[in-house]
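Visitor: Model the structure of this input:
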Amino acid sequence: MPHLSLQISGQPDAELTRRAVATVGELTQRVLRKEAGVIATTVTYIPREQWFIGGKALSDYAEGRNAFQFDISISDETNTKAEKARFLAETFAALSEVIGDVNPVSYIHVIDARATAYGYGGKTQEFRHQHG
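Guide: Okay, here's the model as predicted:
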C-alpha cells in the first residue's frame, strides 16, 4: 500500500497520465520508502471550467493555468514529519514540472490512516504487522 489519488485539471491525456503516475510512484518509493508492488494509483481529469480557485474557474484565467489535487493514504506512524514535509515539497515541484503552469493553490494531502482501519486484500495493515 499506499493508495494515491491524483486529480489534474484539463482533458484526459494518456501521456501526461503515464508521466504523472511514474513521478508520484518514484517519489513515494524514494522519499516515503513504500514498496512499488503495493502502490495503487488512480488519476482523474477535471475540466478547467469545473475547477475553481477563489471562486474563479481555471478557464477564466488569462494565462490558462493548471491545478492538481493529490491525496496519498499511508499507514500512520510509518513516516516522520520531516519525510512527509520533504515528500510534499518534492511532489509539488515534480508535478508542477510534469503538468506545467501550475497554480500554487494545488494541494497535496498525506493521509495518515490508522493501521487497524486501513489495508488491502481484505487484511488490515495492523494484521500484516502482527503476522508479518
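Visitor: If you tally nearby residues, what's the number for Phe92?
Guide: Using other Cβ atoms under 10 Å, Phe92 has 17 neighbouring residues. Backbone N, C-alpha and C define where each C-beta goes, glycine included.
Visitor: and Gln50, how many neighbours does it have?
Guide: Gln50: 10 neighbours (other Cβ under 10 Å).
Visitor: So what pairs up with the closest residue in space to it that isn't next to it in sequence in the strands?
Guide: Among residues not flanking Gln50 along the chain, Ala57 sits closest, at 7.4 Å (Cβ to Cβ, 6 or more residues apart in numbering). In this structure, Ala57 bridges to Phe52 when assessed by DSSP bridges.
Visitor: what about Ala57, distance to Ala67?
Guide: Taking Cβ to Cβ, to the nearest Å as the measure, Ala57 falls 11 Å from Ala67.
Visitor: Now for those two: what residues contact both?
Guide: Common neighbours of Ala57 and Ala67 (criterion: Cβ atoms under 8 Å, 6 or more residues apart in numbering): Trp51.
Visitor: Comparing those two, which residue is more hemmed in?
Guide: Neighbours per residue (other Cβ under 10 Å) separate Ala57 from Ala67, with Ala67 holding more: 23 against 14.
Visitor: Next up, phi/psi of that one, please.
Guide: phi -150, psi 160 (degrees, to the nearest 10).
Visitor: contacting residues for it?
Guide: Contacts of Ala67 by Cβ under 8 Å, 6+ apart are Ile8, Ser9, Trp51, Ile53, Leu58, Val102, Asn103, Val105, Ser106.
Visitor: what about the helices in the chain?
Guide: Here the chain has its helices, by DSSP state H, at 14-32, 81-99, 125-130.
Visitor: would you turn these into CSV with distance to Ile46 and mean pLDDT?
Guide: CSV is the format used below for these (distance: least, Cβ to Cβ, whole Å; pLDDT from 0 to 100):
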stretch, distance to Ile46, mean pLDDT
helix 14-32, 13, 98
helix 81-99, 13, 98
helix 125-130, 30, 86
